[in-house]
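**Q** build me a model from this:
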Amino acid sequence: MDELLDHHVRDLEMTAPDSIDGREPKLANDKFSNTSWAANLKDGERENYLEATFAGPTRLVYVFITGLSSEPPPSREEQRPSKVLISVRHEGARKETTYQDIFPVVEVVNDGKRHGFYVGADNVRDVKLTIMEPSSPAAKTVSIAGVQFSGR
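**A** Okay, the predicted model is just below:
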């Protein structure tokens, strides 16, 4: 089991439709807890997301998410996601092809720790993490400090 959890998929590109204050998507995957990706929350479901594209097809086992950055403390208007939808697109699918929502929405605990979610999907090329709900209805921005992927 430890072998699976330590086999992080490193060759990937992180993108998002939005970022603020120079906090680009790649900061969610830089392996530091004091940096984060941040974006303005948009009205409408499934408009707030991070997307990871792997260098090649991957047998994806786990997705790890760390909610808030360790520093500086975020403002009240910036919140972590409390619910995230993990979707995948398989190798060979056209870029225009929609993602497969084959996993339930996961709840990200608000404790600043890394939490793992079992995916278990073969031949994955892209993963989309859609922010379904921030941790507060008063949130105007959302941030994710860390995203890691474990494969086999």
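
**Q** for the rest of this, base every contact and every neighbour count on C-alpha atoms.
**A** Fine.

**Q** mind listing what Arg89 touches?
**A** Taking CA atoms under 8 Å, 6 or more residues apart in numbering, we find Arg89 in contact with Thr97, Thr98, Tyr99, Gln100, Val124, Arg125, Asp126, Val127.

**Q** what subset of the residues you listed is buried?
**A** Tyr99, Val124, Arg125, Asp126, Val127 (16 or more other CA atoms under 10 Å).

**Q** which strand residues bridge the last one?
**A** When you say that, I think you mean Val127. Ala52, Val88 (DSSP bridges).

**Q** check Gly116 too.
**A** Listed beta-bridge partners, Gly116: Phe64 (assigned using DSSP bridges).

**Q** and it, how many neighbours does it have?
**A** Applying other CA atoms under 10 Å, we find 19 other residues in the vicinity of Gly116.

**Q** could you pull up the residues touching it?
**A** Counting by CA under 8 Å, 6+ apart, Gly116 makes contact with Tyr62, Val63, Phe64, Ile65.
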